[in-house]
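Chemist: Give the three-dimensional model of this entry:
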Amino acid sequence: MAAKKPLIGVTTSSRKGLMMWWFSKLGVRLAGGRAVRISVANRRPYEPCDGYIISGGVDIDPKRYGEENRSSVNMEDERDDLETLVISHALKHKKPLMGICRGAQMINVVGGGTLHQDAPEIYKDFAPTDSVLGKIFARRKIHISKDSYLFFLLEGRTQLRVNSLHHQAINKLGEQVKTVAEDKHGIVQAIESRNREEMFILGVQWHPEFMPHSALHRRLFKALLKATRS
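Modeler: Numbering: from 1, shown residues only. Purely as a prediction, here's the structure:
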């Protein structure tokens, strides 16, 4: 009998999350798993999932990390609540956890970290994009730490081209994670668990789901699925 495919819960926005859901679902399927959408609108139970993807979307309310709102827009308070529950559940039960863009930021915030509310205010040469081409094509170069699991996943690459759709960025790190990639501006581009033997956590500031044509970016989804089996 064939082994049951791991079930990955993908959190999304209820308002504008359809594209991210479709592409995240594709990434999971190409990696050999099944995906279920988790949002405020559908309220599917998240506890039975074997692992989780916290997807991209709108800004996280700064009150989540103890700051006044200065530059955050289009927030979804109920989504913040839901993802806090999902991430906390994953951390408690050591279930594999992957964050994409906002999702990486949310993992960091739930772990006690903070964000830069508007990255261009801090990093003057940084210019985000939200174009269709910006989603598909990898234009920004990032630098990967050699002592990271991400370095291993990407077959020993210290540099990678990624897409870039964010205007917020990780500031202070949460307790469970460490920085493993940055761009030329010093913006955190990837985080992972401080103790990989204890739990799989991977957060990336870019959108690998929008690049299913790239074998390298598909490796991130494969790593998540592999972690559910270990």
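Chemist: tell me which helix or strand of the protein sits lowest on mean pLDDT?
Modeler: helix 132-136 (a mean of 57; mean pLDDT, DSSP states H and E).
Chemist: Show the subsequent helix or strand relative to it.
Modeler: strand 140-144 (DSSP states H and E).
Chemist: where do the helices sit along this structure?
Modeler: For the chain, the helices defined by DSSP state H cover 18-30, 77-93, 102-110, 119-122, 132-136, 149-153, 215-229.
Chemist: tilt between the last one and helix 18-30?
Modeler: Here helix 215-229 runs at an angle of 70 degrees relative to helix 18-30 (axes from the mean of the first three to the mean of the last three CA atoms, to 10 degrees).
Chemist: packing partners for helix 215-229?
Modeler: Using 3 or more CB pairs under 8 Å, 6 or more residues apart in numbering; DSSP states H and E as the contact test, the elements touching helix 215-229 are strand 7-11, helix 18-30, strand 51-54, strand 97-100, helix 149-153, strand 201-204. Placement of C-beta: from N, CA and C, glycine included.
Chemist: what about that helix, distance to the chain center?
Modeler: How far helix 215-229 lies from its chain's middle: 13 Å, per CA atoms, centre = their mean, to the nearest Å.
Chemist: who's in contact with that helix?
Modeler: 6, 8, 27-28, 30-33, 50-51, 53, 95-96, 98, 149, 153-155, 157, 160, 200, 202, 204, 208-209, 211-212 (CB atoms under 8 Å, 6 or more residues apart in numbering).
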